[in-house]
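>>> coords below, sequence missing:
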């Protein structure tokens, strides 16, 4: 099979060698860039496993749930943990095999011929400001956050925050939306000027200490460099940052809360709030502001974003109960997400039309009487199959299930 790896830094055409085995109603495969050993016999599963061991790989069963292995992407605010990411910065895998290989060769069978719904975890630092994500807006990308942990050192009350949209009370004090956005632009420009001064000083300290400019820093190292900055400059930065952020709105978040982020809504998850995120596989964004240097681009997109951003009051969609223990937490044209909660001894049965991606949140649920779904373990479920979910444990368990919406509800 010829596979075009357009997710590499230098897109490459790869030749993939594939073995396919059908045995006892199961379908197995082995995919390799290398030629299989001479005399390879793969007429049964035992022999196929032997071949796999010789080339340092594992056999993949296409008719069972595929466990999605993670790749960690460092960020200046913390890290992202990708389960189904396919791009230059990182590629998720199944038993060590790049996910795009599997989808290119068997996408028709699995029900996913393009980029899958992107599942990842956002894991920000607990430090104030340093762990706050970009205040950003997307034109196409749709996101759904489910809060799984809140750092109690950062938020002793157990209630975290997300910056979401604009301050409606402040907006109402202006004679027009234009006057409000003009004032906001000025506040951002004021802050960006002092932000640039501090970032230039930190870049100099990074260079002196052997760091590349694009290298994210640990909180300890960042704070060590920050402590070498003039206190008056740091105080001015904090004052202007608070002034800039006064134009935005904050929403409280607790463990289990759901936040849907539609296109054109500026947002910024705050420090110490860990979430599971489902999103469409778009990688575009416009950064309105950031409380530290942006390492992936040399500018902010405030002017472009504010022209298109939703300024009026907008609140995240609320989950819609389907049946007891089952909520529709997001339903966009592109995909939907269901949250399923099972008490001990309860079970649920699903027929899968389009492919699904499922991840555990709390507890343990048994999938098809064999696969254990625990917290932050995720699986790809092929289309046109049936799934039974059972809680055989002694405590409640929750999973999230995302499905492509080829025919929106």
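Thanks, I have the structure now. Values in this document were obtained by computation on a predicted structure and should not be read as measured data.

>>> If residue 98 is in a bridge, with which residues?
Residue 98 forms beta bridges with residue 93, as assigned by DSSP bridges.

>>> Compute the number of surrounding residues for it.
Residue 98: 20 surrounding residues under other CB atoms under 10 Å. Every residue, glycine included, has its C-beta placed from N, CA and C.

>>> Same question for the one 10 residues further on.
Neighbour count of residue 108, defined by other CB under 10 Å: 10.

>>> and it, what helix or strand is that in?
Under the criterion of DSSP states H and E, residue 108 resides in helix 99-110.

>>> Next: residue 237.
Judged by DSSP H and E, residue 237 forms part of helix 231-245.

>>> now swap in residue 207 and tell me
Assessed by DSSP H and E, residue 207 sits inside helix 177-208.

>>> neighbouring strands for the next helix-or-strand element following the helix holding residue 108, and are they parallel or not?
Downstream of helix 99-110, the first helix or strand assigned by DSSP H and E is strand 118-124. Strand 118-124 has the following strand partners under DSSP bridges: strand 78-82 (antiparallel), strand 273-279 (antiparallel).

>>> quick revisit: buried ones in the helix holding residue 237?
236, 237, 240, 241, 244, 245 (16 or more other CB atoms under 10 Å).

>>> follow-up on the earlier one: the helix holding residue 108 - what's its average pLDDT?
The predicted model gives helix 99-110 an average pLDDT of 95.

>>> tell me which strands and helices that helix is in contact with?
Helix 99-110 sits against strand 2-5, strand 26-32, with contacts defined as 3 or more CB pairs under 8 Å, 6 or more residues apart in numbering; DSSP states H and E.

>>> Tabulate these in a markdown table, adding columns for mean pLDDT, distance to residue 205 and mean neighbour count.
Output for the helices and strands packed on helix 99-110, formatted as a markdown table (pLDDT from 0 to 100; distance: least, CB to CB, whole Å; neighbours: other CB atoms under 10 Å):
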| stretch | mean pLDDT | distance to residue 205 | mean neighbour count |
| --- | --- | --- | --- |
| strand 2-5 | 94 | 38 | 14 |
| strand 26-32 | 95 | 46 | 18 |
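
>>> mind checking which of those is nearest residue 278?
Nearest of those to residue 278, taken as CB to CB: strand 2-5 at 24.8 Å.

>>> Mind giving me the packing neighbours of the closest one?
In terms of contacts (3+ CB pairs under 8 Å, 6+ apart), strand 2-5 is packed against strand 12-15, helix 99-110.

>>> Out of those, which is closest to residue 63?
Per CB to CB, nearest to residue 63 of those: helix 99-110, 9.2 Å.

>>> and for the closest one, what are the contacting residues?
In this structure, residues lying in contact with helix 99-110 by CB atoms under 8 Å, 6 or more residues apart in numbering are 1, 3, 5, 7, 16, 18, 27, 29, 31, 60, 62, 66, 68, 84, 86, 91-94, 112-114, 116, 355, 380, 382-383.

>>> Any of those residues buried? List them.
The buried subset of the contacts of helix 99-110 (16+ other CB under 10 Å) comprises 3, 5, 7, 16, 27, 29, 31, 60, 62, 66, 68, 84, 86, 91-94, 112, 116, 355, 380, 382-383.

>>> tell me which strands and helices the helix holding residue 207 is in contact with?
Contacts defined by 3+ CB pairs under 8 Å, 6+ apart place helix 177-208 against helix 168-171, helix 219-226, helix 231-245, strand 286-289, helix 302-308.
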